[in-house]
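Visitor: give me coordinates for this.
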Amino acid sequence: MKLYSKIIGKGKPFLILHGFLGMGDNWKTLGKEFSDEGYEVHLVDQRNHGRSPHTEDFGYDVMAEDIKEYCEEKNLQDIILLGHSMGGKTAMKVATNYPDLVHNLIVVDIAPKYYEPHHQTILEGLTMLQNSDLDSRGLADEKLEEYISEWGVRQFLLKNLYWKEKGKLALRMNLEVLKEKVEHVGKALNEEDTFHKDTLFVSAGSSNYIRKEDRELIKSHFPKSNTVIIKDAGHWVHAEKPEDFFQIIMAFIHKFS
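Guide: Here you go, the predicted structure:
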């Protein structure tokens, strides 16, 4: 599986994995900031997302293997690995399945527990877009608003639009497979999955993805982990509080580099 990525800067390899229905490009602003600190930042599109290949296979073991193969292809070792939401679950699996590959792990607003499917309305809205004749992003936003009221969430999703041909917009993601296998997104880590290197969990204070009662489970899988809460931030914490987020990540990296 040859994943698509954008690589920014030079230095120690720093891979960033986006969330469900996202793409590496969602992280380009923060990626540039990290690269300015002396890191080679890889903004990776995971399979069935962005410009990476579409496939019937979808799940955390295969996505973790994708990242291992990507690192082998690029000759990357001792990486800093950051993942948000679904990307955080992928990052956990990379770290637990291939611990020698990962120097530090950063998991953003997701716990290693099971989550029930909760993207149904978003997937319905995207299905409607896929089945519509769209000739402008404004029209797409207008139609999507019927399903999703939050402007920021719509803008995040609309980044998936591209000009398939003159006057016709389409979605980059493999929507059919993502709908069919959405239950894989909420899958918990296996009980035996552990990673014994320094790990940071970033929790969004206004989100319920990581709860206080999840701390014990996190420690059981990641005994050398700490959890930091960014107050007054929702699930897209890195977009809502970018300065706070950047400072927290850099403090963690510098402490354990």
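
Visitor: and the closest residue to residue 23 other than its chain neighbours, what element?
Guide: If the residues on either side of it in the chain are set aside, residue 23 comes closest to residue 50, at 3.3 Å by CB to CB, 6 or more residues apart in numbering. All C-beta spots, glycine's among them, are computed from the backbone N, C-alpha and C. Residue 50 belongs to no helix or strand when elements are defined using DSSP states H and E.

Visitor: what sits against residue 50?
Guide: Residue 50 makes contacts with 4, 18, 22, 23, 24, 25, 160, 172, 173, as judged by CB atoms under 8 Å, 6 or more residues apart in numbering.

Visitor: also residue 144?
Guide: Contacts of residue 144 (CB under 8 Å, 6+ apart): 125, 126, 128, 129, 154, 157, 158.

Visitor: cool, and residue 120?
Guide: Contacts of residue 120 by CB under 8 Å, 6+ apart: none found.

Visitor: pLDDT weak spots in the protein?
Guide: The model of the chain has no residue with pLDDT under 70.

Visitor: ranges for the strands of it?
Guide: Counting by DSSP state E, the chain has strands at residues 5-8, 12-17, 39-44, 79-84, 102-108, 161-165, 168-171, 199-204, 225-230.

Visitor: what are the pairing partners of the longest one, and which direction each?
Guide: The one in question is strand 102-108. strand 79-84 (parallel), strand 199-204 (parallel) (DSSP bridges).

Visitor: can I get the ones you listed in a markdown table with mean neighbour count?
Guide: Output for the strands paired with strand 102-108, formatted as a markdown table (neighbours: other CB atoms under 10 Å):
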| stretch | mean neighbour count |
| --- | --- |
| strand 79-84 | 26 |
| strand 199-204 | 25 |
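
Visitor: which stretch among those comes nearest residue 224?
Guide: Set against residue 224 and scored by CB to CB, these come closest in strand 199-204, at 6.0 Å.

Visitor: extract the C-alpha set from that closest one and format it as PDB.
Guide: C-alpha atoms of strand 199-204 as PDB (Å, rounded to 0.1, in the frame of the first residue of the first chain):
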ATOM      1  CA  THR A 199       3.300   8.700  25.400                       C
ATOM      2  CA  LEU A 200       1.200  11.800  25.600                       C
ATOM      3  CA  PHE A 201      -2.600  11.800  25.500                       C
ATOM      4  CA  VAL A 202      -4.200  15.200  24.700                       C
ATOM      5  CA  SER A 203      -7.800  15.400  25.800                       C
ATOM      6  CA  ALA A 204     -10.200  18.200  24.700                       C
END
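
Visitor: for that strand, what is the distance to the chain centroid?
Guide: 13 Å (CA atoms, centre = their mean, to the nearest Å).

Visitor: determine the angle, from 0 to 180 degrees, between it and strand 225-230.
Guide: 20 degrees (axes from the mean of the first three to the mean of the last three CA atoms, to 10 degrees).

Visitor: what sits against residue 226?
Guide: Shown in contact with residue 226 (CB under 8 Å, 6+ apart): 199, 200, 201.

Visitor: got a list of what the last one touches?
Guide: The contact partners of residue 201, taken as CB under 8 Å, 6+ apart, are 107, 108, 111, 210, 218, 222, 225, 226, 227, 228.
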